[in-house]
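Chemist: predicted structure and sequence below. I'll ask about it afterward.
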Amino acid sequence: MDILSLIPQFGNLLYTIVAFVIALSVIVAVHEYGHYIVGRWSGIHAEVFSIGFGPVLLSRVDKRGTRWQIAALPFGGYVRFLGDSNAASGKDEAAMDAITQKSPEELRRTMHGAPLWARTATVAAGPVFNFVMSIIVFGTIFLSQGVTKEPLTVGSLHPLPGTEQQLREGDEILSIAGIQVPEFDEQDAWTQFTDALPVQPVLDYTVLRDGQTQDVTGPWLFPPLIQQLAPRSAAYDIDLKPGDVITAVDGDPIFAFEQLKEHVEGSNGKVLLLNVWREGAELDFALAPRRTDEPQPDGGYVTHWRIGIVGGMMLEPATEPTGLWASVTGGARQTLRIIDASLSGMWHMVTGAISTCNISGPIGIAETSGAMASQGAQSFIFFIAVLSTAVGLLNLFPIPALDGGHLVFYAYEAVTGKPPSDGALRILMGIGVSLILGLMVFSVTNDLFC
């Protein structure tokens, strides 16, 4: 074996691991900081704030007596509050006695002795901070990108093979093929407009240029241009890249993304031969489409053959600034869409409507982290925000040992006036840990064999 041939593979593996550790560390830090800061505001003392587990690499103690540390295994983290140990669940009687013998002032600073409202707020703060982080990230992206300028205006033009481009940056597109261009944010009208366009390689565009109306020609609005690649997809695995233009499938020339879609959906999974134009070079690739479960607006799922390519227009629309409130509300809507899609997906997996292979484990998440990082900082940051929402939602599940399980115990205490018995807690926590371990094994199996 040629050892030098392994260097690129090792480099890709290292890149994936680093991207995964960065993504996970950011999400864990935000989650645990939520627990920490709300606990502090609630009068509960934090003894340790740790990013990672195992041997401590770096640590310092702040003026409040909290030890901040980075541990050797960067696959999680925790905040240990005063009294938040085996004593809190009654597992260690000596520790429990030590806590109950504290003065009322000292007991109030422990997790075990804090009022119910303080414990509830502290536990709930972790997932809430994950959601807030997602809203801030999405909102910041919307704020930096702005909104599409109306009427549709050419911001930039993507290079395409064999096409004479008469459009220019700054052109306001009034109509295409004699059909008036609707407002960009009117989704139904835009769909009707694109459906009505004649599918042909060259179209007539009426534009407003330098204050004058002109008729020019331009390419089909939606060429087979790769704007983004889905991680762990067939297209990503064969090293197709954003900016590539697919010019033929199985020898059949194409000029529209819809033509590519028809070839893929009609493939039934058989290998397709692609001719690809990349920065003036002609390349050949072969790939097999994969079955993919896709969410629908009505909440259901439809299975299609997909290769993992995201297309778009042959131009980048010009944008204009958007307001802070619009960006924040847009970030909140994006977060809610992820939550809704996640819950819908889990329900459809439970009912057997879609494959359980849609559950990814640490290997799949790591591969996706590396793939998104390789597509640029914004894609990676966007992925971190998506993953943060998923982590926040997962932690709210009513499973003992997760935040949601603790919140169920606190709800029981609020109703009955007393916490669950020590024996019940031990049994429920054991069940919770078993469920989490089982889910981890199942997800890793999916990563390896699905």
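Modeler: Here it is on my side, so go on.

Chemist: could you point out the helix or strand that follows the one helix or strand in the chain whose mean pLDDT sits lowest?
Modeler: Lowest by mean pLDDT, DSSP states H and E among the helices and strands of the chain is helix 93-100, with a mean of 54. Following helix 93-100 in sequence order, the next helix or strand is helix 104-108 (DSSP states H and E).

Chemist: show me what counts as buried in that following helix.
Modeler: Within helix 104-108, the residues that count as buried by 16 or more other Cβ atoms under 10 Å are Leu107, Arg108. C-beta here means a position set from N, CA and C on the backbone, and glycine is covered the same way.

Chemist: so what secondary structure elements neighbour it?
Modeler: The contact analysis (3 or more Cβ pairs under 8 Å, 6 or more residues apart in numbering; DSSP states H and E) places helix 104-108 against no helix or strand.

Chemist: tell me where the stretch 1-150 of the chain is predicted with low confidence.
Modeler: 1-11, 85-102 (pLDDT under 70).

Chemist: and the strands in it?
Modeler: With DSSP state E, counting those that start in this stretch as the criterion, the stretch 1-150 of the chain has strands at 46-61, 67-81, 147-148.

Chemist: any chance of these in TSV, with distance to Thr122 and mean neighbour count too?
Modeler: TSV is the format used below for the strands of the stretch 1-150 of the chain (distance: least, Cβ to Cβ, whole Å; neighbours: other Cβ atoms under 10 Å):
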stretch	distance to Thr122	mean neighbour count
strand 46-61	10	15
strand 67-81	8	17
strand 147-148	39	18
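
Chemist: quick one: closest of these to Phe20.
Modeler: Evaluated over those, closeness to Phe20 peaks at strand 67-81, with 9.0 Å, by Cβ to Cβ.

Chemist: distance from the chain centre to that closest one, please.
Modeler: 24 Å (Cα atoms, centre = their mean, to the nearest Å).

Chemist: how about stretch 136-150?
Modeler: 17 Å.

Chemist: now the top helix by length along the chain: buried residues?
Modeler: Longest helix in the chain by number of residues (criterion: DSSP state H): helix 6-41. For helix 6-41, burial by neighbour count (16+ other Cβ under 10 Å) applies to 16, 19-20, 23-36, 38-40.

Chemist: tilt between it and strand 46-61?
Modeler: 120 degrees (axes from the mean of the first three to the mean of the last three Cα atoms, to 10 degrees).

Chemist: check which helices and strands helix 6-41 sits against.
Modeler: Using 3+ Cβ pairs under 8 Å, 6+ apart, helix 6-41 is in contact with strand 46-61, strand 67-81, helix 116-145, helix 362-374, helix 377-395.

Chemist: buried residues, the fourth one. List them.
Modeler: Judged by neighbour count using 16+ other Cβ under 10 Å, the buried positions of helix 362-374 are Ile363, Gly364, Ile365, Ala366, Glu367, Thr368, Ser369, Gly370, Ala371, Met372, Ala373, Ser374.

Chemist: which stretch among the strands of the stretch 1-150 of the chain comes nearest Ile238?
Modeler: Nearest to Ile238, of those and by Cβ to Cβ, is strand 67-81 at 30.2 Å.

Chemist: which residues are contacting that closest one?
Modeler: 21, 24-25, 28-29, 31-32, 35-36, 39, 44-62, 110-111, 122, 362 (Cβ atoms under 8 Å, 6 or more residues apart in numbering).

Chemist: also stretch 170-183?
Modeler: The contact list for stretch 170-183 (Cβ under 8 Å, 6+ apart) reads 150-154, 167, 189-190, 192-193, 196-198, 203-209, 213, 216, 221, 318.
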